[in-house]
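**Q** Any chance you could fold what I've pasted below:
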Amino acid sequence: MAQASRPELPAVQHEWSLHYIWLWIKVTFLRLVARYTVYATDHLRPQVGDDVRVEKIRFPSRDKGRSIVAYVYTPVDLPPGPQAVHVNVHGGGFAVPAFYGNSRYFCYLVASQLRCVVIDTDYRKAPEYPYPFPTRDVEDCLVWVQTQTQRFDRNLITMSGFSAGANLALSTANKVGPEVVKAVVTYYPPTDATTESAALGLRDHPDPPESARSGAHLVSWAFSTFFQSYLPPHVSPAIPEVSVLFLPLERYPDHLFFAAGRCDVLHDNSSDFYQKIQTEGRPSQRMRTRFISVPNEDHAFDEQPTCPESVAWRDKIYEAGVATIRAAQDEERAKLRGAA
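**A** Numbering: from 1, shown residues only. Prediction:
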């Protein structure tokens, strides 16, 4: 697999300290809240249709004797031979296991509408496993995909991510380069941890606007807890692998998509990324990249829509994400036919 030339930081866990213990206590509380929230809102996320089967698998980690869990969505009656494959990375503040599987409806739509295999991969969570452990698990998923040449077409790999998972997808896609990943679809990613209003910033985020229809408002203390759990003291929030806004644009594919609710504190992270591409990206990248700013919606509104308007916007941004993946697949297939 193609690798970037940037040196890797060593994988180091948090040192035992009162600060770490306090972080762990807060994260444990947030995990319990998230588990209840996922259970209470499960009915808001459509189930997988009969035309796609879902199985849980394990694939090998780079760490000897360890494996990583993933859900695999496969359209029924898929013809034999290598298939296009899409890798999704779930959200959860880099720290919450309960949100693994929350993207099932989007994964189902990609598998059903594009007739490709979708891998919804898990990854290790902070603070027990801070950066770069989660990114390496996502990278290991791509490594494994490329070894399965009888099942997956190495020329047709795309990615997506939600919230923290979108950050991991952007970081991983940039590392392996556009030769490997042909499209990246992101929903409300954190892309810049260096600004005053970022997760590690000092000032509080504003209260949620009264116009927010659905979604969760990211309160400052919880947001900061997640990022401080993800970044051990030796890791600067300014490194590009964390603040992915600063990664080199030439390492991204042409097909990129961003969506975020206008009431989401992470909205401007997507907006700024899109504007950077329109200013500094290559012409083909500028032409194919899209950003949807969703009015009156907060963080992760698509995974817990509470009114018809939110459902309609969820369907719109999911449709746009699927269209981005389809365009990348079609373009790559045309190139392969031309080269044959």
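
**Q** Could you pull out the buried residues of stretch 285-292?
**A** 285, 286, 288, 289, 290, 291, 292 (16 or more other Cβ atoms under 10 Å). (Glycine included, C-beta is placed from N, CA and C.)

**Q** Now for those residues: which two are most distant?
**A** Farthest pair in these (Cβ to Cβ) is 285 and 292. Separation: 17.3 Å.

**Q** tell me the contacts of the spatially closest residue to residue 249 that is not a sequence neighbour?
**A** The shortest distance from residue 249 to any non-neighbouring residue, by Cβ to Cβ, 6 or more residues apart in numbering, is to residue 281 (5.0 Å). Counting by Cβ atoms under 8 Å, 6 or more residues apart in numbering, residue 281 touches 249, 252, 289.

**Q** Could you verify my assumption that residue 326 touches residue 114?
**A** Yes: with contact defined as Cβ atoms under 8 Å, residue 326 reaches residue 114; the gap is 5.8 Å.

**Q** if you count what's nearby, which of those two comes out ahead?
**A** residue 114 (21 against 18; other Cβ atoms under 10 Å).

**Q** For that one, give me its contacts.
**A** Taking Cβ under 8 Å, 6+ apart, one finds 84, 86, 322, 325, 326, 329 in contact with residue 114.

**Q** how many neighbours does the third one have?
**A** What that stands for is residue 322. As a measure of burial, residue 322 has 20 neighbours, counting by other Cβ under 10 Å.

**Q** From residue 63, how far out is residue 241?
**A** Residue 241 sits 19 Å away from residue 63 when distances are taken as Cβ to Cβ, to the nearest Å.

**Q** So for those two, which residue has more residues nearby?
**A** Comparing residue 241 with residue 63 by other Cβ under 10 Å, the one with more neighbours is residue 241, at 22 against 14.

**Q** Surely the more buried one and residue 172 touch.
**A** No: between residue 241 and residue 172 there is no contact under Cβ under 8 Å: 9.4 Å.

**Q** Overlap of the contact sets of those two?
**A** Joint contacts of residue 241 and residue 172 (Cβ under 8 Å, 6+ apart) are residue 135.

**Q** Let me know the helix or strand that residue 58 is in.
**A** Element membership for residue 58 (DSSP states H and E) is strand 52-60.
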